[in-house]
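Colleague: no sequence on this one, just coordinates:
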């Protein structure tokens, strides 16, 4: 089976639990029109069992192109989820074969599927029967002792034969047996970019996207010499405007006026703020702009908690970002730290 080819974007933002919700994606889309975005992972059971908080994660607004990451191991259930996801206007289905969390392991999805490539291929086949969306897979270089390149080749061979032609590769293995948590799994297993470069040589007909410890625009440029695209994660959470720096470098885009972008985001907040949505659901993605400034710890805590109790929270937020002098640390305004 040949599936629809994935989008041509050279840069994408990784699915990240607690980060890539619809509000953060809206902010990122204001910053970059050249970047593919992804949702947080949502488990198939959460969608099919109609858990309201998980269904809220299906909502999105003006963030296209955006892919939806699914977690699960039941081909028929994933296919049902894919139909629902497509009805919400997403542009891609991404299957999670990389999450090392205990929850993922207990549900037999995420990284533990790396040793079950035939099941992953079956999932992709079933999804392809019910949707025209491209199907991609995000995985690691291996798990535990199954980290020789031969395991990875076998995985990609089997899954790509089902029609998947785009693989997002986190350039390190996952450690499951030692009980290392997901955070440590992002640092303890050594990074191995060369393995990903080698995979691209072995599978020149496939689209290979590299992920892991990509921290700046120059990292992106370097990787694009060897692979088709780059997936960036935590660095964007720490500095959303990094996407513009990358666009300037690889797409010759203009440097953005950051205050203009934030004003647009504040308008978005004002329009979408309701009694059921706290302002801190929006501002948690902005607290990073004060990092490194005198009093920044207090300011970030205020933006993530106390701001909820203000009578005019958006107005207070604008004053905090554009007018306050408490966190300058020698700069003209707080905004220049971004």
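Modeller: On my side now, so go ahead. All of these numbers come straight from a predicted model, not from anything done at the bench.

Colleague: confidence score at the nearest residue to residue 112 once chain neighbours are set aside?
Modeller: Spatial nearest neighbour of residue 112, excluding adjacent residues (CB to CB, 6 or more residues apart in numbering): residue 105 at 5.2 Å. (C-beta placed from N, C-alpha, C; glycine too.) Residue 105 is assigned 86 on the pLDDT scale.

Colleague: which residues does residue 105 contact?
Modeller: Counting by CB atoms under 8 Å, 6 or more residues apart in numbering, residue 105 touches 111-112, 176.

Colleague: Also residue 29?
Modeller: The contact partners of residue 29, taken as CB under 8 Å, 6+ apart, are 37, 62-64.

Colleague: about what we covered before: between the contacts of residue 105, identify the one with the most neighbours.
Modeller: residue 111 (26 neighbours; other CB atoms under 10 Å).

Colleague: and that residue, helix, strand or coil?
Modeller: What DSSP: H, G, I helix; E, B strand; the rest coil gives for residue 111 is helix.

Colleague: I'd like the distance between it and residue 264.
Modeller: Going from residue 111 to residue 264 by CB to CB, to the nearest Å gives 38 Å.

Colleague: wait, doesn't residue 96 sit right on residue 136?
Modeller: No. Residue 96 is beyond contact range of residue 136, at 10.5 Å (criterion: CB atoms under 8 Å).

Colleague: which of these two has more neighbours?
Modeller: When residue 96 and residue 136 are compared for neighbours, residue 136 comes out ahead with 25 against 22, by other CB under 10 Å.

Colleague: and that one, that one's in a helix?
Modeller: No. Looking at residue 136 with three-state DSSP, it is strand, so not inside a helix.

Colleague: so what's it bridging to?
Modeller: Residue 136 forms beta bridges with residue 94, as assigned by DSSP bridges.

Colleague: Where does pLDDT dip in the protein?
Modeller: 1-8, 51-55, 179, 290, 292-295, 323-338 (pLDDT under 70).

Colleague: tell me the domain ranges of it?
Modeller: Segmentation of the chain into domains, based on automatic domain parsing, reads 11-251, 258-337.

Colleague: tell me the strands in this protein, going along the chain?
Modeller: Counting by DSSP state E, residue ranges of the strands within the chain are 11-13, 35-38, 42-43, 66-71, 92-97, 135-140, 166-170, 207-211, 229-232.
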